[in-house]
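Student: have a look at this prediction, sequence included:
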Amino acid sequence: MNKSGITPVANRVLIKPDPIREEEEDSLIHLPKSVVQRAEQGQSTGVLVDTGPDAFCHVVERKYAVHSNGERQLIEESVRGYLEPFAAIGDRIAFAKWSGRPFVGEDGERYLLTNDDDITGLVSDTLHLSDLDTRQGTKANEGLSHG
């Protein structure tokens, strides 16, 4: 249920990005809130909260020639889009990094409003990604072979 007060229109989708995990309490380094918020904007996984009415739909584009008598003649028709929705509300998704526009909803939570085609995949609930993990060689690199 969308409690954000943000309603996507057209082909837009509303995503609740995964929060950036704060490091252990006994860590000597603490990230300022502004750094964590900036990192959350760059986070590339989250939950699909809501979709606009045209999200994941075919788009039919038509080009017409207009004759001197005012009649229109269809000269080209093309279909863009998807055969079916590839994500549903509640799905955990991956999306294009730095895409969309961040908002704080009426419920105080952080959201991202972006285009449907910024969704790049479905991810399992157990998958965790962050740039910090990658740089530190933790979870994101476990199990990868380097040979």
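Tutor: Received, thanks. Numbering: from 1, shown residues only.

Student: show me the shaky parts of the chain.
Tutor: Residues of the chain meeting the criterion pLDDT under 70: 20-29, 31, 35-43, 128-147.

Student: can you give me the strands for it?
Tutor: For the chain, applying DSSP state E gives strands covering 12-17, 45-51, 59-66, 72-80, 92-95, 101-104, 110-115, 119-122.

Student: and Asp117, how many neighbours?
Tutor: 16 (other Cβ atoms under 10 Å). Using the backbone N, CA and C atoms, a C-beta is placed for each residue, glycine as well.

Student: what's the answer for Pro8, then?
Tutor: 22.

Student: so who does the spatially most central residue of the chain touch?
Tutor: Most central in the chain under Cα atoms, centre = their mean is Phe95, positioned 4.1 Å from the mean C-alpha point. Contacts for Phe95 were tallied using Cβ atoms under 8 Å, 6 or more residues apart in numbering; they are 15, 44-46, 112, 114, 118-120.

Student: most neighbours of all the residues you listed, which one?
Tutor: Counting neighbours by other Cβ under 10 Å, Ile15 leads the contacts of Phe95 with 26 neighbours.

Student: and it, how close does it get to Lys63?
Tutor: 34 Å (Cβ to Cβ, to the nearest Å).

Student: which residues touch Asp93?
Tutor: Not Asp; residue 93 is Ile. Ile93 neighbours (Cβ under 8 Å, 6+ apart): 15, 45-48, 87, 119-123.

Student: spatially, which two of the residues you listed are the most separated?
Tutor: Val47 and Thr120 (14.7 Å; Cβ to Cβ).

Student: and stretch 105-112, how far apart are its ends?
Tutor: Taking Cα to Cα, to the nearest Å, stretch 105-112 runs 10 Å from one end to the other.

Student: what residues sit buried inside that stretch?
Tutor: 105, 110-112 (16 or more other Cβ atoms under 10 Å).

Student: contacting residues around that stretch?
Tutor: 3-6, 14-17, 19, 37, 40-41, 46, 49, 95, 99-104.

Student: re earlier: quick one: closest of the strands of the chain to Pro32.
Tutor: Nearest to Pro32, of all those, is strand 110-115, at 15.8 Å by Cβ to Cβ.

Student: how far off centre is the closest one?
Tutor: 6 Å (Cα atoms, centre = their mean, to the nearest Å).
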